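Trainee: kindly return the folded structure for what I paste below:
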Amino acid sequence: MGRVMRWFVAALGVAIVGTAAGCAGPGEYVWFTQLPQEAAAANNEYIIGVGDVVSIRVLGHEEMTVRQRVRSDGRLALLLIGDVEAKGKRPSALKSELEARLKDYIVSPSVVVNVDETQPLTVLMLGEIAHPGAVPLDPDRRLVHAIALGGGLSDFASRSSIFVVRDEPKRVRIRFTYESIYRNLGGAGDFLLHRGDVVEVE
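Mentor: Below you'll find the predicted structure:
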């Protein structure tokens, strides 16, 4: 075997090993049981989406009260401060942001944010699920409910590699085991899914 051929075989071997190593694991993730407490607590709060109807009150300044549907660009229009990004935010986070921005115009502003109407929630189910695809979840947003509506796991599914992929407020892959979801260990089965979440079963 010539020098060039030996180099080609060696390079091909490295590429194959590298590819196998890349496919061997589930990538970066955090176990559900290791979620930071603030992230776990925030999971129970609704995330505003396009089409939701949101009412905003500035206490003591009723002329600033608005009730609007979140536009397709994810924004709401308010007096004094103009357009505000609402999509992907929790009501408590939007409240804090509005109070901070209104300080330039109002002394110690106090804002109340309510979501009056919500759009139907659909979650995408991928991988080794009996019936993959988009699954409507309203009104039950629990992970166990989504898996049940997807027909459960396929015969080839890994029962320790179930992931919820979430992009808001930053991208994260949350890993679960089937037993923890089925038995609701630590509240895994009651984990609430949000708009835009993807459930992956390996």
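Trainee: which residue sits closest to V135, ignoring its sequence neighbours?
Mentor: Leaving out its chain neighbours, the residue that sits closest to V135 by CB to CB, 6 or more residues apart in numbering is L149, at 4.8 Å. No exception for glycine: its C-beta is placed from N, CA and C like everyone else's.
Trainee: surely the one you found touches D138?
Mentor: No. Using CB atoms under 8 Å, L149 is not in contact with D138, being 11.3 Å away.
Trainee: more neighbours: those two, which one.
Mentor: Each of L149 and D138 has its neighbours counted (other CB atoms under 10 Å); L149 has more, 16 against 10.
Trainee: how close does that one sit to R142?
Mentor: Distance, L149 to R142, using CB to CB, to the nearest Å: 10 Å.
Trainee: repeat that for T33.
Mentor: Counting by CB to CB - T33 and R142 are separated by 17 Å.
Trainee: more neighbours: which of those two?
Mentor: Counting neighbours by other CB under 10 Å for T33 and for R142 shows that R142 has the greater number, 18 against 14.
Trainee: pretty sure the more buried one sits against L192.
Mentor: Yes. Checked against CB under 8 Å, the pair R142 and L192 is within contact range at 6.4 Å.
Trainee: next up, the contacts around the residue nearest the centre of the chain.
Mentor: In the chain, the centroid-proximal residue (CA atoms, centre = their mean) is R166; its distance is 3.2 Å. Residues in contact with R166, defined by CB atoms under 8 Å, 6 or more residues apart in numbering, are 172-174, 194, 196-197.
Trainee: for it, give me phi and psi.
Mentor: In terms of degrees, to the nearest 10, the main-chain angles of R166 are phi -130, psi 140.
Trainee: again with Y178
Mentor: Residue torsions, per degrees, to the nearest 10, at Y178 are phi -60, psi -40.
Trainee: what sits closest to it if chain neighbours are left out?
Mentor: By the measure of CB to CB, 6+ apart, the closest residue to Y178 outside its immediate chain neighbours is R159, 3.9 Å from it.
Trainee: could you report the neighbour count for the one you found?
Mentor: R159: 16 surrounding residues under other CB under 10 Å.
Trainee: which residue ranges form the helices in this protein?
Mentor: For the chain, applying DSSP state H gives helices covering 3-24, 37-42, 91-102, 143-149, 178-182.
Trainee: now for this protein, the helix or strand with the poorest mean pLDDT.
Mentor: Here the helix or strand of the chain ranked lowest by mean pLDDT, DSSP states H and E is helix 3-24, holding a mean of 37.
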